[in-house]
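Enquirer: this one's sequence-less:
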């Protein structure tokens, strides 16, 4: 802030007078903020799935309950994969800010591998549930389970497609301002998926196994 | 700012996900490492608490929820860089509104459905009444 603006702010600490702004916000802030609103609306959508799951938790229609189905060591590995991918995604953001193509591609590739490992483990879990006759059609509880966890899995799949697109765009176009904005949005999306996974492994798996 | 965005020379707001940090790459990596360490600690505690007999059993669900909320906070601060700084007000207010809606949707659904379950005629009685 310029010295004159600081003096102005000091003379008017409660902003009774209108504050002088230096024009509209930069595009990076507008884009990031808009994407942040999208992520929050996505979380509101997930909250509806969580509410459905919580309401239907006991409606097993004589079928298996969560405690009989869930395999916690598997879930711990999934959690580790997603957490590690969130960390390497952060490293990719730093590399993008430093405009280092090599480290950006390495960090994104590692993020992608962790994401794929997560999806593979989740896919196997779903396949084994269906093979044991505990598919989404078995009971209201399992329908809600597959909807909630599957929706998160779909988000991760979409995130991986986006990740590969960003790797290709940086490879072809370099760190242009618009590409940097897309990287910012991608990083927000990927970290937000990890936050939703915290709620999933706590509410679905850990509380489901404890109960 | 040293992170390469000419656009953020602006001192009024920062985009969600952007760090407001004067430090270099090493300091930023350390920030992510700190977040990773705290997240691993909280996750490990969650999995430990869920399977242990060492604590009073009825306290486990509460402990798990508290640990999850703490870990979400760690992710928000260290990975998404949503902080309480003056330049982050818009992002925090949007988050607060999102949290309000999430609480209303989940809490409201559970409350209403528990109430309905409580007040509904049991299914077997309902079947007999229809005969």
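Expert: Everything's here; your move. In this text the structure is predicted, and so the values were computed from the model without any measurement. Numbering: from 1, shown residues only, chains lettered A, B, ... in the order given.
Enquirer: how many other residues sit next to the residue lying closest to residue A:180 once chain neighbours are set aside?
Expert: Nearest non-adjacent residue to residue A:180, counting by C-beta to C-beta, 6 or more residues apart in numbering or on different chains: residue A:96, 6.3 Å away. C-beta coordinates here come from the backbone N, C-alpha and C atoms, glycine included. If you count neighbours by other C-beta atoms under 10 Å in any protein chain shown, residue A:96 ends up with 26.
Enquirer: go on, residue B:38?
Expert: Here the count is done by other C-beta under 10 Å, and residue B:38 has 17 residues near it.
Enquirer: Within the helices and strands, which one has it?
Expert: Assigned by DSSP states H and E, residue B:38 belongs to helix B:25-51.
Enquirer: relative to helix B:25-51, how tilted is the following helix or strand past that helix?
Expert: Beyond helix B:25-51 on the C-terminal side, the first helix or strand identified by DSSP H and E is helix B:60-78. Taking axes from the mean of the first three to the mean of the last three C-alpha atoms, to 10 degrees, one finds that helix B:60-78 is oriented at 170 degrees with respect to helix B:25-51.
Enquirer: Was I right to think residue A:109 contacts residue A:166?
Expert: No. The pair residue A:109 / residue A:166 is not scored as a contact, 11.4 Å apart, by C-beta atoms under 8 Å.
Enquirer: pLDDT below threshold where in chain B?
Expert: Low-confidence segments of chain B, defined by pLDDT under 70: B:1-12, B:20-23, B:86, B:131.
Enquirer: Nearest the middle, which residue of it would you pick?
Expert: With distances taken as C-alpha atoms, centre = their mean, chain B has residue B:72 as the residue nearest its mean C-alpha position (3.5 Å).
Enquirer: and the gap between that one and chain A?
Expert: Using C-beta to the nearest C-beta, to the nearest Å, residue B:72 is found at 5 Å from chain A.
Enquirer: which of the residues in stretch A:75-91 are buried?
Expert: Neighbour-count burial for stretch A:75-91, counted by 16 or more other C-beta atoms under 10 Å in any protein chain shown, picks out A:75-76, A:78-91.
Enquirer: wait, which of those is closest to residue A:47?
Expert: Nearest to residue A:47 out of the buried residues of stretch A:75-91 is residue A:82 (C-beta to C-beta; 19.4 Å).
Enquirer: What's the mean pLDDT across the helix or strand hosting the closest one?
Expert: Here residue A:82 sits within helix A:72-97, counting by DSSP H and E. The pLDDT scores in helix A:72-97 average 95.
Enquirer: quick one: it to helix B:60-78, angle?
Expert: Using the same axes, to 10 degrees, helix A:72-97 lies at 10 degrees relative to helix B:60-78.
Enquirer: How much space separates the closest residue to residue A:163 other than its chain neighbours from residue A:179?
Expert: Spatial nearest neighbour of residue A:163, chain neighbours left out: residue A:112 (5.3 Å); criterion: C-beta to C-beta, 6+ apart. Between residue A:112 and residue A:179 the computed distance is 17 Å (C-beta to C-beta, to the nearest Å).
Enquirer: mind checking the longest helix of the chain?
Expert: Chain wasn't specified; assuming chain A. Counting residues, the longest helix found in chain A (DSSP state H) is helix A:140-173.
Enquirer: that's the wrong chain, I meant chain B
Expert: Under DSSP H, chain B gives helix B:89-119 as its longest helix.
Enquirer: of all of chain B, which residue lies closest to chain A?
Expert: Using C-beta to the nearest C-beta, the closest approach of chain B to chain A is made by residue B:15 at 2.9 Å.
Enquirer: What is the burial count for the residue nearest to that residue when sequence neighbours are not counted?
Expert: What sits nearest to residue B:15 in space, not counting adjacent residues and going by C-beta to C-beta, 6+ apart, is residue A:32, at 2.9 Å. Residues lying near residue A:32 (other C-beta under 10 Å) number 24.
Enquirer: show me where pLDDT drops low in chain A?
Expert: Counting by pLDDT under 70, chain A has low-confidence residues at A:1-22, A:211.
Enquirer: In it, which residue sits closest to chain B?
Expert: Closest point on chain A to chain B, by C-beta to the nearest C-beta, is residue A:32, at 2.9 Å.
Enquirer: hang on, isn't that residue packed against residue A:189?
Expert: No. Contact criterion C-beta under 8 Å: residue A:32 and residue A:189 do not qualify, at 11.5 Å.
Enquirer: which residues sit in contact with residue A:196?
Expert: A:43, A:46, A:152, A:155 (C-beta atoms under 8 Å, 6 or more residues apart in numbering or on different chains).
Enquirer: Return the distance of the helix or strand hosting it from the chain's centre.
Expert: For residue A:196, the host element (DSSP H and E) is helix A:177-200. How far helix A:177-200 lies from its chain's middle: 6 Å, per C-alpha atoms, centre = their mean, to the nearest Å.
Enquirer: now the angle from that helix to helix B:25-51?
Expert: Using the same axes, to 10 degrees: helix A:177-200 against helix B:25-51 is 20 degrees.
Enquirer: Next secondary structure after helix A:177-200?
Expert: Counting by DSSP H and E, the next helix or strand C-terminal to helix A:177-200 is helix A:207-210.
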